[in-house]
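> Okay, predicted coordinates and the sequence, questions at the end:
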Amino acid sequence: MIRLNFYIEKVDGVPNAYFIQATDKDSLLGEYAESIADTIFFYKGKVGRIDRIKVADSKQGSGVGKQMVSYIERYMNKHGVKEIYLEPLDKKAENFWKHMGYKQLKDKNMIKKL
Ligand SMILES: CC(C)(COP(=O)(O)OP(=O)(O)OC[C@H]1O[C@@H](n2cnc3c(N)ncnc32)[C@H](O)[C@@H]1OP(=O)(O)O)[C@@H](O)C(=O)NCCC(=O)NCCS
């Protein structure tokens, strides 16, 4: 499994929005480390949302997406979030999110209760 470092920073000018990036923990020199995955997530009070996660093509299927989602869920949970919403990109993404425990709602959104 790829060992990852996660960096989170507030998105300037967008309320409640945070940028998260994963880099390879075993690569040299942190600031030059290659970005392996990123997304933006939002939370306010008990409700969170994850935007479209993008894992680098060459790293897909290596557990990176799962590690990033789990990290975001733990982070939001620590900040009081009780439910996370998202809108999957397509059918393939929807299956990934189902695998991660998200349930389809009547509209295009999916939800997971933490
Ligand atoms: C979708 C995406 C984020 C998943 O990340 P990933 O790193 O490739 O997935 P992982 O290797 O972490 O997979 C984690 C688990 O989900 C499963 N999984 C991954 N993709 C799946 C899919 N399409 N359908 C069903 N299960 C899937 C894996 O088998 C794995 O299962 P396991 O934990 O039982 O071993 C990534 O492939 C990606 O960036 N795709 C292109 C952009 C995209 O669609 N983003 C989502 C936008 S909403």
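Cool, the structure landed. Numbering: from 1, shown residues only.

> What is the neighbour count of N109?
14 (other Cβ atoms under 10 Å). C-betas here are computed from N, CA, C, even on glycine.

> Just to confirm, what confidence does the model report for it?
N109 carries a pLDDT value of 97.

> give the contact list for it.
85-87 (Cβ atoms under 8 Å, 6 or more residues apart in numbering).

> same check, this time on A93
In this structure, A93 makes contact with R52, judged by Cβ under 8 Å, 6+ apart.

> distance of the residue nearest to A33 when sequence neighbours are not counted from V47?
Once flanking residues are discounted, A33 sits nearest to T23: 3.8 Å by Cβ to Cβ, 6 or more residues apart in numbering. T23 is 29 Å from V47, where distance means Cβ to Cβ, to the nearest Å.

> Show me which of the two is the more surrounded one.
Summary of the neighbour comparison: T23 and V47, criterion other Cβ under 10 Å, with T23 having more neighbours (19 against 16).

> What ranges in this protein fall below the confidence cut-off?
28-32 (pLDDT under 70).

> Next SSE downstream of the lengthiest strand in it?
Secondary structure of the chain read by DSSP state E shows that its longest strand is strand 35-44. Downstream of strand 35-44, the first helix or strand assigned by DSSP states H and E is strand 47-50.

> in that following strand, what's buried?
Neighbour counts over strand 47-50 (16 or more other Cβ atoms under 10 Å) mark 47-50 as buried.

> Name the residues of this structure found near the ligand, please.
Residues of the chain lying close to the ligand (Cβ under 6 Å from any ligand atom) are 52-55, 60-66, 88-89, 92-93, 95-96, 99.

> Quick one: the strands in the protein, in order.
Secondary structure of the chain by DSSP E: the strands cover 4-10, 17-24, 35-44, 47-50, 54-55, 83-86, 103-104, 110-113.

> Turn those into JSON lines, columns for distance to E73.
Below are the strands of the chain laid out as JSON lines (distance: least, Cβ to Cβ, whole Å):
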{"stretch": "strand 4-10", "distance to E73": "12"}
{"stretch": "strand 17-24", "distance to E73": "12"}
{"stretch": "strand 35-44", "distance to E73": "10"}
{"stretch": "strand 47-50", "distance to E73": "8"}
{"stretch": "strand 54-55", "distance to E73": "16"}
{"stretch": "strand 83-86", "distance to E73": "7"}
{"stretch": "strand 103-104", "distance to E73": "14"}
{"stretch": "strand 110-113", "distance to E73": "8"}
